[in-house]
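Participant: here are the coordinates; sequence isn't available:
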């Protein structure tokens, strides 16, 4: 992921999600490579959860492809004291939610899918911004232009020839 602003946006989305879903005890975004991108996971080691998320993603992806079910969408694992749900967050990340027993599964899925989509958009936008070419460097002593050059008076007043539509010449014959 790119600059801090995007990381803060993703973290804000995780906190919003945790505040909005009762019995949601943790939320984490990991890259498909298993690296933590953002987390709000008290009492849980985020690096470990991210690594396990990547491993589960690999198995889930192979399973959906082998059975003709398409690309990864989501994964739910139920344990004795709660569940772990993972949702695609764009093509390069996964949202993993930790929920306690009694969580409203419908609300968890609805909010998890929505948050996964939003986080995927944030990450993709950050990657697009990071991929833009940097502005050209200034030569020492050169000043940056704050405004585009203004046209001269001559350029502003059109000549009689400029008022007529341009005539197209046929292409020259090929040799």
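Facilitator: Alright, I've got the coordinates. This one's a predicted model, so the numbers in the text were calculated from it and none came from an experiment.

Participant: where does this protein dip in pLDDT?
Facilitator: 1-5, 134-175 (pLDDT under 70).

Participant: All the strands of it, residue numbers only.
Facilitator: For the chain, strands defined by DSSP state E occupy the ranges 24-31, 36-40, 74-79, 82-88, 93-100.

Participant: Out of those, which one sits most buried?
Facilitator: Mean neighbour count, computed with mean count of other C-beta atoms under 10 Å, is highest for strand 93-100 among the strands of the chain, reaching a mean of 25. Every C-beta, even on glycine, is put in place using the N, C-alpha and C of the backbone.

Participant: distance between that strand and the chain's centre?
Facilitator: Computed by C-alpha atoms, centre = their mean, to the nearest Å, the chain-centroid distance of strand 93-100 equals 16 Å.

Participant: coming back round to it: mind putting the strands of the chain into JSON lines with distance to residue 125?
Facilitator: Supplementary listing: those in JSON lines, determined by distance: least, C-beta to C-beta, whole Å:
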{"stretch": "strand 24-31", "distance to residue 125": "14"}
{"stretch": "strand 36-40", "distance to residue 125": "14"}
{"stretch": "strand 74-79", "distance to residue 125": "22"}
{"stretch": "strand 82-88", "distance to residue 125": "16"}
{"stretch": "strand 93-100", "distance to residue 125": "13"}
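
Participant: Would you check how far apart the spatially most central residue of the chain and residue 19 are?
Facilitator: The chain has residue 123 as the residue nearest its centroid, 2.1 Å off, counting by C-alpha atoms, centre = their mean. Distance from residue 123 to residue 19, counting by C-beta to C-beta, to the nearest Å: 21 Å.
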